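> One predicted model, sequence on top.
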Amino acid sequence: MPVPASAAANPTLRGQLARAVERAWAAAIAAGTLPRLEPDAERPTIKVERPGNPDHGDAATNLAMKLARPYRRAPLEIARALADELAREAASTPATTPVGSVDVAPPGFINVRFADRALAAAATSVLAAPETWGRVAAAAPRHVNVEFVSANPTGPLTIGNARGAFVGDLLCRILEAGGEKVGREYYFNDSGSQVSKLGASVIATRRGQPVPDDGYHGDYVADLAKALPDDVWAAVEKPDADGPGIVGQWASERVRAGIEASLAHLGVEFDLWKTERSLHDEGWVARAIERLRQGGHVYEQDGALWFRSTAFGDDKDRVIIRANGEPTYFASDIGYVTEKFSRGFDELIYIWGQDHHGTVARVRNAAEAMGYDKAAVRMLLVAWVRFVRDGVEVSMSKRAGTFVTLDELLAEIGVDAARWFFASRGPSSAIDFDIELAKKQSNENPVYYVQYAHARIASILRRAAEAGLSPTETIAAEDLAGAPEAALVRALLRLPEVVEDAAAAEEAQGVTVFATELASTFHAFYRDAKVVDPADPARSAARLALVAATRTTLANALGLLGISAPQQM
């Protein structure tokens with residue numbers, strides 16, 4: 001991926017190499033080996049990537065191939081000129097570059113192997129600042145609002161609609177590690193027909209009557225009926241009282257509190273719980289409609305108020321206020337956009353289910369019509385999850401009462417396994433969740449495999465301390481001379497790059513892949529290198545330092561996913 005402009009602030013070897021390539025390019029121009037770009041030529045972005053084959057080096061850049069057209073020269077000729085300057089800097093001022101060796105490969109790749117000195121310095125920084133290891137700086141930090149879950153409070157949070165909780169929380173963690181400022185938000189409808197249906201269901205249950213066909217069923221409705229306070233019930237029995245509305249308000253708030261507790265158990269917390277009712281009460285819907293009106297983007301027809309969404313590419317215009325005077329959900333959506341931007345957010349991200357795809361265009365169109373940057377209003381559509389047990393799908397229906405709650409899932413498989421499963425898959429991919437596999441405590445279960453590596457390291461460090469051995473505080477270049485050490489240090493130092501890529505992609509699966517690969521590399525290291533060796537305390541201390549850096553890296557990668565790093569298993 002392109003190296004961010006903030007690479008100078010990022011503790012990545014990739015960023016250091018990108019700057020070294022930039023210097024090599026300038027040096028080649030100054031020496032006359034390469035010409036300056038024409039004033040009207042587009043300056044290519046310097047990309048530094050890991051070669052697919054590690055035998056080719058630690059990193060590579062294709063800058064020479066990008067310069068072939070504007071320079072009208074063969075890529076290999078350009079690559080050799082850049083490589084010569086990289087090698088010259090590495091020889092003359094090694095402290096300024098991560099380059100150890102450099103070579104050129106057809107059709108114009110520049111392959112680099114990092115210097116042991118640079119690797120040792122980076123690994124030492126892990127020991128010096130373990131809490132911040134892996135976090136990077138953003139090129140232009142944004143204040144991002146992420147609204148997710150947002151299930152209406154008409155029943156417990158089910159495993160069917162809980163995927164948004166995992167996706168949203170992981171996204172927030174990734175963005176924050178990538179240098180962004182994030183606000184977490186939950187939006188729910190605290191009024192309307194669904195809340196009234198919940199209230200009617202509770203009333204019917206309280207009276208021992210059948211629940212309406214379009215109502216809500218399940219044990220939780222009976223629990224609500226039993227817990228209904230006397231003062232609320234008294235209000236229901238007053239003449240002309242809106243019983244379903246009164247009970248629905250009480251029940252939905254009680255359900256919402258339960259949802260909040262379930263999410264807290266998952267490790268998900270919100271900065272703000274926003275209600276649809278508040279958008280109307282605080283005037284945000286009215287303000288949004290007025291902005292559209294002033295821009296000439298609304299009109300009246302058949303007694304209703306319409307937004308000219310077709311003027312922005314939609315297939316039809318959209319109703320804001322119905323002919324009976326009732327606002328639509330779309331009215332709340334546009335009021336919410338205005339309210340969010342009023343709080344100083346630079347970008348709004350909505351985590352929605354795929355069934356909301358029809359709403360995306362109209363909300364973004366309204367944002368543009370109100371004068372906001374359309375690109376700053378984005379919706380990430382999350383695919384459905386099919387939960388499977390012993391090859392059979394677990395069916396869910398909140399109204400029918402045949403659902404599995406998030407709490408039940410977490411009680412059965414644990415928070416860590418659930419988080420890993422969702423983190424390891426892209427949110428737009430429909431997936432089958434194998435409940436039995438997630439429960440296994442074996443290497444078949446990847447989160448167990450990674451956590452075991454961390455616990456094993458903790459055990460090694462304890463045994464070393466018992467033997468009177470401790471890690472060095474710094475790692476020297478000569479400590480990386482062995483093949484096991486070289487492989488391990490290169491693996492663990494990838495974390496900031498993985499975070500950088502994850503933040504750019506806004507997906508977490510790269511972190512799970514990294515953690516699994518690092519665990520595997522560590523197990524190989526421990527197999528091939530004797531770490532706790534009282535007969536060779538100097539070598540042991542150096543290897544223990546690498547082991548400690550690996551522990552920090554695994555713990556921080558797991559922490560980024562909201563997963564625990566156990567000291568023993």
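Now that the structure is in, tell me what you want to look at.

> Report the buried residues of stretch 219-239.
Neighbour-count burial for stretch 219-239, counted by 16 or more other Cβ atoms under 10 Å, picks out 220, 221, 222, 224, 225, 228, 232, 233, 236. Where C-beta positions appear, they are placed from N, C-alpha and C, glycine not excepted.

> From residue 103, how far out is residue 158?
Using Cβ to Cβ, to the nearest Å, one gets 56 Å for the distance from residue 158 to residue 103.

> Neighbour count: the two, which is higher?
Taking other Cβ atoms under 10 Å, residue 158 and residue 103 do not tie; residue 158 has more neighbours (19 against 15).

> surely that one meets residue 408?
No - the pair residue 158 / residue 408 is not scored as a contact, 9.2 Å apart, by Cβ atoms under 8 Å.

> which residues in the stretch 101-250 of the chain form strands?
109-114, 143-147, 181-188 (DSSP state E, counting those that start in this stretch).

> Pull up the pairing partners for the second one, direction included.
Going back to what we said before, that points to strand 143-147. strand 181-188 (parallel), strand 347-353 (parallel) (DSSP bridges).

> Report the buried residues of the longest one.
Of the residues in strand 181-188, those buried under the neighbour-count criterion (16+ other Cβ under 10 Å) are 182, 183, 184, 185, 186, 187, 188.

> Bridged to the fifth one, which residues?
Residue 186 forms beta bridges with residue 273, as assigned by DSSP bridges.

> doesn't residue 145 make contact with it?
No - with contact defined as Cβ under 8 Å, residue 186 does not reach residue 145; the gap is 11.6 Å.

> hmm, who's touching stretch 384-393?
Contact with stretch 384-393 is made by 159-160, 163, 353-354, 394, 396, 404, 409, 430-436, as judged by Cβ atoms under 8 Å, 6 or more residues apart in numbering.

> least confident pick among these?
Comparing pLDDT over the contacts of stretch 384-393, the lowest score belongs to residue 396 (55).

> Once you drop chain neighbours, what's closest to residue 24?
Once flanking residues are discounted, residue 24 sits nearest to residue 85: 3.7 Å by Cβ to Cβ, 6 or more residues apart in numbering.

> which helices and strands does the helix or strand that contains that neighbour pack with?
Assessed by DSSP states H and E, residue 85 sits inside helix 75-92. Contacting helix 75-92 under the criterion 3 or more Cβ pairs under 8 Å, 6 or more residues apart in numbering; DSSP states H and E are the following elements: helix 13-31, helix 63-71, strand 99-105, strand 109-114.

> Buried ones among the contacts of stretch 384-393?
Among the contacts of stretch 384-393, those buried by neighbour count (16+ other Cβ under 10 Å) are 159, 160, 163, 353, 394, 396, 404, 409, 431, 433, 434, 435.

> Run through the stretch 301-450 of the chain and note the low-pLDDT ranges.
Low-confidence segments of the stretch 301-450 of the chain, defined by pLDDT under 70: 395-403.

> same deal with the chain?
Low-confidence segments of the chain, defined by pLDDT under 70: 1-11, 395-403.

> for the most centrally placed residue in it, what are its contacts?
Among the residues of the chain, residue 171 comes closest to the average C-alpha position under Cα atoms, centre = their mean, at 2.2 Å. Going by Cβ under 8 Å, 6+ apart, residue 171 touches 146, 148, 349, 351, 380, 506, 508.

> repeat for residue 516
Applying Cβ under 8 Å, 6+ apart to residue 516 gives the contacts 446, 449, 450.

> I'd like the distance between it and residue 53.
20 Å.

> what do you get for residue 560?
28 Å.

> Those two: which has the busier surroundings?
residue 560 (25 against 8).

> still on that earlier bit, got the contacts of residue 171 as a markdown table, with distance to residue 543 and neighbour count columns?
Shown next, in a markdown table, are the contacts of residue 171 (distance: Cβ to Cβ, whole Å; neighbours: other Cβ atoms under 10 Å):
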| residue | distance to residue 543 | neighbour count |
| --- | --- | --- |
| 146 | 42 | 25 |
| 148 | 43 | 26 |
| 349 | 43 | 22 |
| 351 | 44 | 24 |
| 380 | 43 | 18 |
| 506 | 37 | 18 |
| 508 | 31 | 28 |
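
> Redo those as TSV? Include distance to residue 363.
Converted to TSV, the contacts of residue 171 look like this (distance: Cβ to Cβ, whole Å):
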residue	distance to residue 363
146	16
148	15
349	12
351	14
380	13
506	19
508	25
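
> Residue 453 and residue 525 touch, don't they?
No - counting by Cβ under 8 Å, residue 453 does not reach residue 525; the two are 10.4 Å apart.

> Do I have it right that the residue nearest to residue 24 meets residue 22?
No - the criterion here is Cβ under 8 Å, and residue 85 misses it with residue 22 at 10.6 Å.

> if you count what's nearby, which of these two comes out ahead?
Comparing residue 85 with residue 22 by other Cβ under 10 Å, the one with more neighbours is residue 85, at 24 against 14.
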